[in-house]
Each structure stands twice: as structure tokens, then as C-alpha cells.
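Participant: Coordinates for the following, if possible.
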Amino acid sequence: AELRKRGSVHYSNHFQGWVTLGWEDSRTVLKSRAIGQGDRLAGYVLNLPTDAKARLHPISDNMDRAISFLDPPEHTPARAAAAQVLNSGLGRRIEPDLRAALALRIDELSTREVFDGIEDFALPITVTMLCSTLGVHHEDREAFVGWVERVFSYIGSPMNDSEHAEDCKDAYHSLSK
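Facilitator: Numbering: from 1, shown residues only. Here you go, the predicted structure:
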């Protein structure tokens, strides 16, 4: 809230880059062909000790191929392929899994007095839908969820702990098998 009072674009010493907070500014930046991604993977090891940076960069050999890390012209066909998958009736195909996952989460959370909206609701639902979309077999979902949680645990941290970074890299490696 304090940053928003001063505007929606700020330089972050922590990330050594610019951060946008407002929807319009974020959209402008994301749509601009003049602003490239650069080495975004370096940001994941930026706050680690020097020896760990060399050992752990990149956190994932595949991460830089994710659509959110690509610049045009590579981004364009990847986005078109993703749009084709998303527009090909995906919602209808995963609807039964989504309904079941929502019912299960709501039933469980209704017995609690307190819960975390992200940890206890949004993340499990998102992971369930990703598993359904990616075709992760039901018996493999627990391992998949564990790997995803390990990755996001590090990415959502100050990213200054070498052991945490090592665990994230190991989880990415397991995800790519």
C-alpha cells in the first residue's frame, strides 16, 4: 500500500530490477517489445553467496523455456500453442476434476475456524488443475505437489538460503523427469 501511494513502478534493490504494481503499467510492460526478459534466471540466485550462485545458476535448465521467460519471436509460437490448448475445450475436460477438487477443499476448510486462502485453497486447487491439464496420473500427484511446493517455497522466499535453493533445483530436476 505504501509503494502504491508513491506510484506503481519502482526499482527493487532486492531483485535488481523494476517492479510494477499497477495493472495498466504491468500490462504495458508485458506487451512492450522494447522490454526484454534478459537473464531472469539470474534473479533466482542473486541473493545467494558467490560460490552458491555459480553452482546453482540456473535453478532449472528448463525454466528459461517457460512462456513467461520468452521474448518475441520465440514467445509468439509458444503463446499460440498454449492458446490452442486452452481454447480446445480444456475447461470442459477438466471441469469434473475441478468440481471434485473444489468440493473436497470446501468440505475440508468448512471444518476449520482459520485457514490460509493461498496455502489451503488456491495452491491445492491450482496444482490439481495443473495435474489434470498436464495429465499427471492420480497416483503421481502427491509427488508432483511436493515438488511444486518445494519450488514455490523457494521462489516465494528471500532467495538467500543456499540449501533452500539447492532443494528448489532438485525439485525442478524431479519435475522434468
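Participant: For the residue nearest the centre of the chain, what is the enclosing helix or strand?
Facilitator: Nearest to the mean C-alpha position of the chain, counting by C-alpha atoms, centre = their mean, stands residue 152 at 6.7 Å. Using DSSP states H and E, residue 152 maps to helix 141-155.
Participant: Give the rounded mean pLDDT of that helix.
Facilitator: For helix 141-155, mean pLDDT rounds to 90.
Participant: got the buried residues for whatever helix or strand comes next after that helix?
Facilitator: Later in the chain than helix 141-155, the nearest helix or strand by DSSP H and E is helix 162-175. When burial is assessed from 16 or more other C-beta atoms under 10 Å, helix 162-175 yields the following buried residues: 164, 165, 166, 168, 169, 171, 172. From N, CA and C alone the C-beta is placed, and that goes for glycine too.
Participant: Which residue ranges of this protein form helices?
Facilitator: 2-5, 23-31, 50-56, 75-86, 90-109, 123-134, 141-155, 162-175 (DSSP state H).
Participant: any idea how far the fourth one is from the chain center?
Facilitator: Averaging C-alpha coordinates over helix 75-86 and over its chain gives two centres that are 18 Å apart (C-alpha atoms, centre = their mean, to the nearest Å).
Participant: Just the C-alpha atoms of that helix, please, in CSV.
Facilitator: Extracted in CSV, the C-alpha atoms of helix 75-86 (Å, rounded to 0.1, in the frame of the first residue of the first chain):
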residue,chain,number,x,y,z
HIS,A,75,7.3,-16.2,-27.3
THR,A,76,4.8,-15.9,-30.2
PRO,A,77,4.6,-19.5,-31.3
ALA,A,78,4.7,-20.7,-27.7
ARG,A,79,1.8,-18.4,-26.8
ALA,A,80,-0.1,-19.6,-29.9
ALA,A,81,0.4,-23.2,-28.9
ALA,A,82,-0.8,-22.5,-25.3
ALA,A,83,-3.8,-20.6,-26.6
GLN,A,84,-4.7,-23.5,-28.9
VAL,A,85,-4.6,-25.9,-25.9
LEU,A,86,-6.6,-23.6,-23.7
